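Colleague: can you look at this prediction? I've put the sequence above it.
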Amino acid sequence: MVVVEEMQEPMGCGERIFVSVRLRPLNNKEIDRHDVCDWECISDNTIIYRNSLYPTAYTYDRVFSSDCPNRQVYEEGAKEIALSVVRGINSTVFAYGQTTSGKTYTMTGITEYAMADIYDYIQRHKERGFILKFSAMEIYNELARDLLSVDGAPLQILDDPESGTVVDGLTEETLRDWNHFKELLSICEAQRQIGETSLNETSSRSHQILRVTVESSAREFLGNDKSSTLVASVNFVDLAGSERASQTSAAGARLKEGCHINRGLLTLGTVIRKLSKGRNEHIPYRDSKLTRILQSSLGGNARTAIICTMSPARIHVEQSRKTLLFASCAKEVTANARVNLVMSDKALVKKFQRELARLENELRIAGTKPTSSIFDALLREKDLEIEKLKKEVAILIQQRDLAWSVVEGMRQAADNESPRYEKPVKVGSDSYPKLRVRDRDSLSIGFRSHSPSERQSFGSEENFLQLPDFKLTIPCPSASSPQMSPRIPVFVGGTFRQEENNYENSEVSCKEVCCIDSNLSVNRYSDSSFSECRPKIHQYNSSSPRESSAISGVIEVDNEDISKQESKPLHLNKNIVFAPTEKTYLFELKDEPCSCRRSRFTRSRSCKASLMTCSQWIEKLEANAGISPMQNAKDFTGTPYNFDRKSSESKLDPQSEAGELIRNESPTSSTSATLNELNESQSSFTSAAGWSVPIPENKNSTDFRTSTGGSEEMSCNNKYEDQHDDYPTMTPTPETYRSSSAWSSEFKRIQGEIIELWHACNVSLVHRTYFFLLFKGDTKDFIYLEVEHRRLSFLKNVFTNGKQMVENGRVLTRASSEKALRRERQMLSQRMSKRLSKAERDNLFLKWGIELNVKQRRLKLANLLWSDCKDTERIAESAAIVAKLVGFENPEKTFKEMFGLNFTPEQHTPMRNKTLKRSVMSLL
Ligand SMILES: Nc1ncnc2c1ncn2[C@@H]1O[C@H](COP(=O)(O)OP(=O)(O)OP(=O)(O)O)[C@@H](O)[C@H]1O
């Protein structure tokens with residue numbers, strides 16, 4: 001147990017020592033000698049000395065006349081102080097005075113009354129548990145002795161940092177009851193050094209200190225770690241006589257005693273005197289054992305009461321005056337009493353831990369707190385940065401608005417110039433697909449057809465689709481369904497309007513369509529038949545291009561509703577344009593034979609291979625370009641089409657699970673028949689961009705994304721080409737070409753010319769990269785290629801004629817474009833060290849024929865990027881490297897409408913924001 005000074009007792013704060021004076025009556029001897037009393041207690045506080053010309057008055061806290069009994073002295077001069085002990089406050093009551101003045105008489109009475117009151121207090125406070133301990137010592141000849149021990153060995157007085165002065169080895173008896181206390185008092189009386197002097201036959205020759213320690217705890221917490229205990233001691237001190245040795249006719253042993261007694265009392269007087277002055281000077285507590293032991297009672301944390309006893313006899317007047325002088329000094333001494341709270345070890349550890357944490361925190365704050373000047377500088381720097389960013393944002397917004405207006409103008413021009421293109425069929429504002437997240441594992445798209453009255457309100461009846469209500473479910477993998485892996489990527493981009501669930505778009509976008517796990521599907525759809533149609537769903541021609549998105553992947557059609565329509569002829573466009581209030585969705589339902597599965601889906605490799613996220617595609621590009629990983633470069637053409645080709649192959653592979661699925665399932669099932677019927681009834685669709693794009697009627701045809709790739713992919717799709725002979729013959733639009741392979745060749749030709757024009761016009765490498773990665777040969781890309789080609793041709797003409805062009809308020813000349821391109825290459829070279837690891841850089845240097853010990857390797861590599869217009873592999877690698885350097889890693893999520901309207905190289909300032917959208921915006 002450790003004593004902790006917990007709080008200051010309000011009443012003890014700066015409390016002075018309570019000093020009272022007690023005048024004893026004349027004893028028999030004095031009466032016999034006809035001694036007279038020259039002292040008179042004129043009030044409770046004042047005593048006067050009459051036997052002089054000028055009576056002297058002495059005032060104290062309390063003055064007790066000779067007829068005051070011990071009870072009154074105790075009640076009025078010591079009780080309050082003594083009983084502080086039960087509230088956890090140390091206290092001391094001691095008597096000071098010359099021999100025979102009545103010290104022992106007074107202290108005996110006070111001790112007993114105090115102890116009686118303590119016991120009474122305990123009786124009245126049953127809610128607390130009390131323990132009383134008693135110890136007694138005397139200081140005789142400057143040695144401390146245990147009055148409860150018979151061996152008489154001197155005790156060591158030690159200084160304890162927590163408890164103060166400690167008398168080592170002092171016997172401490174736990175008081176059992178009052179009688180036990182009285183017993184112990186008797187022992188002490190018997191043990192105390194008493195000698196006969198001329199003044200007192202039983203003169204106390206030592207300073208006696210009786211100590212009662214009171215420990216108390218609330219009973220409800222007794223034995224609990226959280227308990228705290230009040231612990232305090234009250235000292236009852238009976239000092240030896242303060243007389244001179246000569247007065248007691250001391251000689252021999254008594255003289256020696258008197259010297260030691262006087263030494264202790266002299267030090268006590270000095271200590272009291274110094275304390276009374278209140279100066280911050282050295283207090284000689286250690287000069288005597290008495291003052292050492294009583295240190296806490298003298299100006300320390302204890303409440304103290306001093307009763308100065310005096311003899312009334314005239315012959316003792318000098319000593320009486322000295323006693324009163326001592327009392328006068330003592331009453332000036334102040335003490336700072338505190339409640340002593342003792343905590344259990346665990347509670348104490350917690351307290352110290354809290355304190356330690358607080359101090360550590362203070363240290364940390366002190367260590368990290370910047371000086372005000374540094375702080376201000378940082379603030380200024382941040383303010384400047386904010387201002388700069390605000391300006392950048394304003395510029396970007398301006399450029400974006402300009403780009404929108406240009407795009408809109410081009411759209412309108414395209415519509416006006418191409419009357420053969422049909423507008424998207426509007427189905428109605430409330431018929432757009434209901435996209436919702438069914439649960440954590442799937443997206444669901446529902447569709448409700450219009451009533452005749454609704455259709456009438458939109459115009460011609462034949463423009464409307466005869467589509468039964470249906471819903472599409474896109475299962476998505478989630479952490480809760482690991483069995484859904486392997487992950488099948490899907491192009492889920494942009495922003496979906498969600499009707500019920502307020503999922504963040506980003507969350508939806510992150511979902512990937514995957515192959516359907518049999519168990520999961522059975523659990524979810526056990527009562528339904530399903531058809532795996534593998535449609536591709538595209539949303540485009542959004543009224544707000546920012547909300548454009550595309551979904552592609554394996555989509556389950558819950559054919560329950562469709563089955564209900566079997567009796568009716570269904571006229572479902574292969575491509576259905578929904579025109580909701582905010583968006584238009586185009587659904588391309590693929591014409592593959594729909595294999596009906598009654599209740600189970602199996603994992604399909606074809607599904608796995610059919611789609612590849614753009615990030616994977618970029619990774620593949622990077623792999624081919626030697627960025628990372630470095631393998632599998634040989635079968636990669638630099639475009640994503642080869643992956644689609646794989647998917648096509650896989651879909652037809654009879655060894656694949658999907659092939660097996662197709663073989664095993666009945667082609668005559670109602671679902672399959674219904675969907676085939678739906679698909680065969682359509683021959684063309686209207687794209688959202690206003691371009692009429694024919695759809696092959698062959699059931700096995702794939703969408704353009706998968707059928708208009710590179711040469712390898714073209715050969716893969718040769719088997720379909722003969723069936724596409726119903727394409728209109730037109731130039732230069734993709735419809736001109738009777739087969740996808742023909743359009744693919746034309747696309748390659750136009751792309752090649754654009755690349756050469758980029759080179760000739762010093763077009764930004766970032767612009768080239770974006771364009772190259774975004775426009776890969778889809779028929780819908782034609783307009784962008786056309787615009788790009790025309791603008792580049794115009795620009796080249798401007799440069800060739802030595803003229804200049806003003807774009808976005810900037811003068812663009814050949815020289816300025818060359819300069820800008822040089823800057824851009826420098827920027828890219830600088831980015832190599834940030835965006836590429838050393839291994840990746842070294843790999844690229846070697847691959848591009850740059851020695852590793854050559855200086856300015858990065859700039860050399862940057863200068864080689866997009867420098868060869870003929871080498872398709874180098875072009876693809878250049879695009880991959882630039883994409884990596886500028887953080888353009890997801891071209892499928894970029895909005896093509898926003899692109900390609902400005903290829904001024906200066907626009908490609910380093911991009912702070914990595915988001916694709918901003919990257920593209922910076923190009924505009
Ligand atoms: N107020 C009092 N009323 C009656 N008798 C008293 C009073 N004070 C002291 N006496 C008596 O005076 C005598 C001496 O008292 P006491 O022994 O207490 O003196 P003391 O100061 O302790 O002396 P010493 O220092 O020599 O021990 C005792 O017989 C005691 O009974």
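Modeller: On my side now, so go ahead.

Colleague: which helix of this protein spans the most residues?
Modeller: Within the chain, and with DSSP state H defining each element, the longest helix by residue count is helix 372-417.

Colleague: now do the helices in the stretch 151-300 of the chain.
Modeller: Secondary structure of the stretch 151-300 of the chain (DSSP state H, counting those that start in this stretch): helices at 178-191, 253-277, 289-293.

Colleague: what comes up buried for stretch 128-148?
Modeller: Applying a neighbour-count criterion of 16 or more other CB atoms under 10 Å, one finds 128-130, 132-141, 143-148 buried in stretch 128-148. (C-beta placed from N, C-alpha, C; glycine too.)

Colleague: which phi and psi does the residue of the stretch 301-450 of the chain found nearest the ligand have?
Modeller: Of all residues in the stretch 301-450 of the chain, the one sitting closest to the ligand is T309 (6.0 Å; CB to the nearest ligand atom). Comment: the main-chain dihedrals of T309 come out as phi -100, psi 140, following degrees, to the nearest 10.

Colleague: who's it bridged to?
Modeller: Beta bridges link T309 to R22, G97, judged by DSSP bridges.

Colleague: ok, now how distant is it from S817?
Modeller: 113 Å (CB to CB, to the nearest Å).

Colleague: got it, and H759?
Modeller: Following CB to CB, the distance that separates H759 from S817 is 11 Å.

Colleague: for those two, work out which one has more neighbours and name it.
Modeller: For H759 versus S817, the count of surrounding residues by other CB atoms under 10 Å is larger for S817: 22 against 17.

Colleague: relative to the ligand, how far out is the more buried one?
Modeller: Plainly put, S817 is 116 Å away from the ligand if you go by CB to the nearest ligand atom, to the nearest Å.

Colleague: then E851?
Modeller: When E851 is compared with the ligand (using CB to the nearest ligand atom), they lie 109 Å apart.

Colleague: what of G129?
Modeller: 36 Å.

Colleague: just to be sure, that residue is in a strand?
Modeller: Yes - judged by DSSP: H, G, I helix; E, B strand; the rest coil, G129 forms part of a strand.

Colleague: settle this for me: S296 is touching D159, isn't it.
Modeller: No - when contacts are counted by CB atoms under 8 Å, S296 is not listed as touching D159 (11.6 Å).

Colleague: count of residues packed around the closest residue to the ligand within the chain?
Modeller: Closest contact between the chain and the ligand, by CB to the nearest ligand atom, is at G102 (2.6 Å). Around G102 there are 24 other residues, counting by other CB under 10 Å.

Colleague: now do I209
Modeller: Other residues within reach of I209 by the criterion other CB under 10 Å amount to 26.

Colleague: what residues are up against it?
Modeller: A136, M137, E138, I139, N235, F236, V237, I293, L294 (CB atoms under 8 Å, 6 or more residues apart in numbering).

Colleague: re earlier: among the buried residues of stretch 128-148, name the ones in strands.
Modeller: Judged by DSSP state E, the buried residues of stretch 128-148 include 128-130, 132-140, 143-146 as members of strands.

Colleague: and those, which is the shakiest by pLDDT?
Modeller: Checking pLDDT across these, the minimum falls on Y140 at 83.

Colleague: what bridges to it?
Modeller: Going by DSSP bridges, Y140 forms beta bridges with L143.

Colleague: verify the stated contact: it with S206.
Modeller: Yes - counting by CB under 8 Å, S206 is a contact partner of Y140 at 3.7 Å.

Colleague: for Y74, which non-adjacent residue is closest in space?
Modeller: Leaving aside its sequence neighbours, Y74 sits nearest to Y113 (CB to CB, 6 or more residues apart in numbering; 4.1 Å).

Colleague: tell me the pLDDT at the one you found?
Modeller: pLDDT for Y113: 96.

Colleague: what packs against the host helix or strand of it?
Modeller: With secondary structure defined by DSSP states H and E, Y113 is part of helix 103-124. On a contact count with 3 or more CB pairs under 8 Å, 6 or more residues apart in numbering; DSSP states H and E, helix 103-124 meets helix 70-77, helix 79-82, strand 91-97, strand 128-140, helix 178-191, strand 207-218, strand 228-238, strand 303-310.

Colleague: and M827, how many neighbours?
Modeller: Burial of M827 is recorded as 17 neighbouring residues (other CB under 10 Å).

Colleague: kindly apply the preceding question to G164 instead.
Modeller: The tally of other residues near G164 (other CB under 10 Å) stands at 17.

Colleague: what's the domain layout of the protein?
Modeller: Listed domain ranges for the chain are 9-343, 421-603+666-695, 605-655+701-924 (source: automatic domain parsing).

Colleague: and those domains, which one averages the lowest pLDDT?
Modeller: With a mean of 36, domain 421-603+666-695 has the lowest mean pLDDT of those.

Colleague: the residue of the stretch 301-450 of the chain closest to the ligand - how many residues pack around it?
Modeller: Counted with other CB under 10 Å, residues neighbouring T309 total 28.

Colleague: could you measure from R279 over to G299?
Modeller: As defined by CB to CB, R279 lies at a distance of 12 Å from G299.

Colleague: higher neighbour count, these two?
Modeller: Each of R279 and G299 had its neighbours counted (other CB under 10 Å), and the higher figure belongs to G299 (21 against 9).
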